[in-house]
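Trainee: below is the structure, and that's it, no one-letter string:
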């Protein structure tokens, strides 16, 4: 079963080195597990989309819940899919603060983003927008 | 919760200076509150669309009802949205009388516009038309 | 309330001067009343589409029923609309006999057109076709 | 072509004898022409639904526009149908003021009914309600 | 134009006498204006649904915003309708705390209800449920 | 935001006392947090549905992932809802092995159920079936 | 391929003996060919519905066109079907003039029926109505 | 009433002169009757689409059934339409054997085409394809 | 993955003992594999529906293709399902010749049934009909 | 009846010569039978799509089940179609391992592909993608 999951979490000490390490570890793990997706960070939070085998995706989320670099992780979206939307990114990378503010505000109530006010379907639409406009880096 | 609201009101003494002041105040307030939208004026009325956090949008409408520059304010449209249609404008500006008459008549029963005869869905369609044809000024 | 109405009638003595007079009177009236639309003639009939305030449109139809230039007027189509399809024409003008025959036959059982065999939805589709292909003259 | 038409008009001197005469004449005419429908009166207005051959229905409306018992007649609804909704009534009869007020208010902005504020689709829904609840008299 | 509006507000000193007075005044006003609806109270809030002429409904909401018995009024739902859902109640009355808790929780995130967490469509569904189960008192 | 979540897990030592304790603790927690739902057990697994505030539901799932009574927990279904389907159960209780086998097989590939082969939408349909047929005990 | 076809024709000398013979011959032929359907007569016309193998149905229609008991036969309806609507009648029989007039007028412009004014979909709806109300005789 | 009909038949002695004669006669008849359409031949069969007045189309089909140049004629498709799809061809002409084989096979079970295996909707889709790709000759 | 498959085959020497043996073997196998379904026989053919794990269903079909009791087996229907339609029958049993002939003819071109003329969706509809009318024996 | 079928199988000794032979035999057979489709191989499996006459397609699948070059063949998709999607390929050829990995991963849980985890609708979408991007060789 192929699923797509999006979660958000409060980023604990998200300096550049920490994010780089998450990306390196994530890409290595994803490549082995056939998982594709995107990691966004900024506004003090992480936003992560994953797609792949249901069990493999669930295991990543279980690890995130115990990872000290994430706090208050919250599931935003989960659906069975027939076709991936992010097959081109093993773990794409988006710095939210480098985007045009209106590109984020379009899908949010306020800036900076707040975890409790994130809408799962809106976040998914924003990520698809970023994919379509080539705003996701580091395949 | 992200909402979109449109209201109309009779404009009380809407000279250029008054409109300029409404725009300046509105943009400053909207920027702080994460609100986006458009103010149209002409035909003796104001037409305003706002999108943002439901409570923040409601507070603006409550203020308009007590603002002596507006009379007979009337709600035309209100809906929960997942995606903003006017994210590019903190408070865009449209002088209705500078538009091609048929661009307004397309969505109205007669010209000049009359508050009672405005249809919410038609006004929303007109504003989306104006956004698509770059007829909204002053981002 | 914004409505769109189409009627057909048998044209009584429809020489060029008569049609020109109908167009002149109609445009003057329509401009005052915020009505837009098209007058087609040929095949011995008039086909007229009007859009605007419901009461204003009804008054025109009531007058047509008493106008000696029209006989056997018959309502073909009537619907509430949110957006006009002919906002660019105060009273556009189409000589049916100058059109390519297949452009008319596409929407009719036979040529010449016969009032009883006209289908309202088909006539509306033909008029929208004419609008889209710039075949409506005299804005 | 089978059509359904609804119009409203201001009733000129609608005393019981006048209404009785309209019903008698209407039923006789409708029976000859294969027309079915309903006449409602009250609140100073007539509301009439007719269904049958398009040309026959149009001729009745043309006569109403010249009948001194009706003033300001206004078309509210017109559609091609495949199946009649009122086949059981040659010209049914409803005294609006004998109905439960909420049965009328359900489909109207205010009581008494006002011609300009009538919505064609709502009036049609009200008549279908009356048919379903056996509130239409005198088949 | 017939509309349906729902708003919520924090109830300021909502003792029985105060609520009784709101109901008496509201019914008298609604009967004159052709407005129908429901007033719910409990959990420290008022929830009010109104349906009727758009301008008349807007005027009530404008008054509520200035009424010291209401605080933080917030629009939850607004839509043009063709048919009322509450035509049987000039201003129905529901004490939320007398309802089975699960009848309210079904449409809410938590009890007691909190103004910010109310969803307009869910509140509307709850009110329709109450109408269907005869849980609205005092026609 | 109101959500509905379903997860399954391998039951570690699920004797009667253990299940009773999960139910007691769950009901107490759910009642405080406005959460409603159902716990099924049997075939060596737990199947749990929860509905309520998104953040509160997410916190329960985070705890389950660390609870030694559950192993290999896997999210099966997650969606924003407007109306609860299980508002009548603070934490209902279903012993899967007491059900008619065909009531479970209807929604599964084989019996006994296997965590990897569970389909989220099918499990949800089975739970709604159980609710409709009064097969959920202990409100 | 299973199809449903409806045609109408002018009945040439349709006395009782002639109709009885058509029914006897038709039932014998239909039983051999796996065809089911209905023959209506009255108003000077025949209305016949057939369902079965496409080629077998086409052959019957070809014969009707050469049968001196039918004149001006006209196809009204033809569609591929997956399920018969008249499986209970080898060739059911309806005398149109014995039906309640409103049961026929409901689907027609005028009485008596006229071949040119029959609408295929309306005739099909009438026949389904007759089947549902047990108005088709002689299985 | 405007209809579209498609039939197929076995071609009896379809040499070039015979087909040319059918086209000449057909175009002359169609032009007089306001009929448009296409004649395809090849694989030993004729495939003909006609659109126009229902009665006129039915008369052509009745003649084909008695025309010695056609055998085993079988109706494939018949529907009321609002708009013609082949208004540009009085009687267009397609030699099936000159088409790319895959253009025909796309809509058929095997080549050569066999009358019994033709599907009406598929044949119609093939003809629309031919119209769109300018593969229909001799307007 | 849960699937539903229907196939038909020519029955080779289908006397009562042979059918009884197929049922006994099939029920034993189906019970072990979590498969449910129905076996119909009559008219010289078998019609079998199976639902369960995709791989298990495919293995049965592979065996049927080599089973000398079946000839010319042909797949009629195959779809992924979320919910079984025949969960109450391990291998239900229907003697087609004991059914009312019209119950079978409703879904077929002719009787006796012929393998080549069976339509998958129609056969499925017939089986659901039989399930709903308790015409399937021997759970 | 025109159908589309997709199956997968484990490839037994799939060296280049073996695949070339399957293609040669398949194309010759398909051309004779009016069958079109695609053969993909790689990841140790074959994926084959066929479209054509139902009986002819079923016979190919029956042969594959007995062909020693295929093991564990499993039906993935089967549907009646009106129009082929692969009419341009008698038996197209795709080496899965020559494709961009993300083009396959887009429709799969993991790479290499595993027969049990293939989803019929996803495989069909992948093949249509390959057809649209000209990635199918050897018509």
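Mentor: That came in fine, so what should we check first? Everything numeric in this text was worked out from a predicted model, so none of it was measured.
Trainee: in the longest helix seen in chain A, what's buried?
Mentor: Of all the segments assigned as helix in chain A under DSSP state H, the longest by residue count is helix A:16-33. The neighbour-count criterion (16 or more other CB atoms under 10 Å in any protein chain shown) identifies A:19, A:22-23, A:26-27, A:29-30, A:33 as the buried residues of helix A:16-33. C-beta coordinates here come from the backbone N, C-alpha and C atoms, glycine included.
Trainee: stretch A:48-63 vs chain I: in contact?
Mentor: No: between stretch A:48-63 and chain I, judged by CB under 8 Å from any CB of the partner chain, nothing touches; the nearest distance is 12.6 Å.
Trainee: for that stretch, buried residues please.
Mentor: Buried residues in stretch A:48-63, defined by neighbour count with 16+ other CB under 10 Å: A:48-54, A:56-62.
Trainee: give me the contact list for that stretch.
Mentor: A:1-9, A:29-30, A:33-40, A:64, A:73, A:75, A:80-81, A:84-86, A:124, A:127, F:65, F:73-75, F:116, J:109-110, J:117 (CB atoms under 8 Å, 6 or more residues apart in numbering or on different chains).
Trainee: going through those residues, which ones are buried?
Mentor: A residue is treated as buried here by neighbour count (16+ other CB under 10 Å); on that basis the buried members of the contacts of stretch A:48-63 are A:1-9, A:29-30, A:33-40, A:64, A:73, A:75, A:84-86, A:124, A:127, F:65, F:73-75, J:109-110.
Trainee: pLDDT weak spots in chain A?
Mentor: Chain A contains residues with pLDDT under 70 at A:139.
Trainee: if we go to 80?
Mentor: Within chain A, the set of residues satisfying pLDDT under 80 comprises A:138-139.
Trainee: thinking again about what came up before, what packs against the next helix or strand after the longest helix of chain A?
Mentor: Tracing the chain past helix A:16-33, the next element assigned as helix or strand by DSSP states H and E is strand A:36-42. On a contact count with 3 or more CB pairs under 8 Å, 6 or more residues apart in numbering or on different chains; DSSP states H and E, strand A:36-42 meets helix A:16-33, strand A:45-53, strand A:92-95, helix A:120-132.
Trainee: okay, and the beta partners of residue A:48?
Mentor: residue A:7, residue A:39 (DSSP bridges).
Trainee: so it versus chain B, what's the distance?
Mentor: Between residue A:48 and chain B the distance, using CB to the nearest CB, to the nearest Å, works out to 20 Å.
Trainee: now swap in residue A:111 and tell me
Mentor: If you go by CB to the nearest CB, the gap between residue A:111 and chain B works out to 6 Å.
Trainee: equivalent analysis for residue A:86, please.
Mentor: With the distance defined as CB to the nearest CB, residue A:86 ends up 19 Å from chain B.
Trainee: surely that residue and residue A:92 touch.
Mentor: Yes: using CB atoms under 8 Å, residue A:86 is in contact with residue A:92, at 6.7 Å.
Trainee: any residues in contact with both of these two?
Mentor: Counting by CB under 8 Å, 6+ apart, the shared contacts of residue A:86 and residue A:92 are A:37-38, A:131, A:136.
Trainee: how about the residues you listed, which pair is most distant?
Mentor: Of all pairs drawn from the shared contacts of residue A:86 and residue A:92, the one with the longest distance (CB to CB) is A:37 and A:131, at 10.8 Å.
Trainee: burial count for residue A:104?
Mentor: Residue A:104 has 22 neighbouring residues, counting by other CB atoms under 10 Å in any protein chain shown.
Trainee: host element of it?
Mentor: Assigned by DSSP H and E, residue A:104 belongs to helix A:101-105.
Trainee: how near is the residue of chain A found nearest chain I to chain C?
Mentor: Closest approach between chain A and chain I, counting by CB to the nearest CB: residue A:1, at 8.4 Å. Counting by CB to the nearest CB, the gap from residue A:1 to chain C is 43 Å.
Trainee: list the contacts of that residue.
Mentor: With contact set as CB under 8 Å, 6+ apart, residue A:1 has these partners: A:53-54, A:80, F:119, J:109.
Trainee: closest one to chain G out of those, please.
Mentor: Once CB to the nearest CB is applied, the member of the contacts of residue A:1 that ends up nearest chain G is residue F:119, at 28.2 Å.
Trainee: tally of neighbours for the residue lying closest to the closest one once chain neighbours are set aside?
Mentor: Counting by CB to CB, 6 or more residues apart in numbering or on different chains, residue I:82 is the residue found nearest to residue F:119 once chain neighbours are left out, at 6.4 Å. A total of 14 residues lie near residue I:82 under the criterion other CB under 10 Å.
Trainee: helix or strand: which one has residue I:82?
Mentor: Using DSSP H and E, no element contains residue I:82; it sits outside every helix and strand.
Trainee: thought it was touching residue F:118?
Mentor: No: because the distance of 11.7 Å does not satisfy CB under 8 Å, residue I:82 is recorded as not touching residue F:118.
Trainee: which residue does chain A have closest to chain C?
Mentor: Checked against chain C (CB to the nearest CB), the nearest residue in chain A is residue A:106, 24.9 Å away.
Trainee: and that residue, what does it touch?
Mentor: Residue A:106 makes contacts with A:126, A:129, B:83-84, B:87, as judged by CB under 8 Å, 6+ apart.
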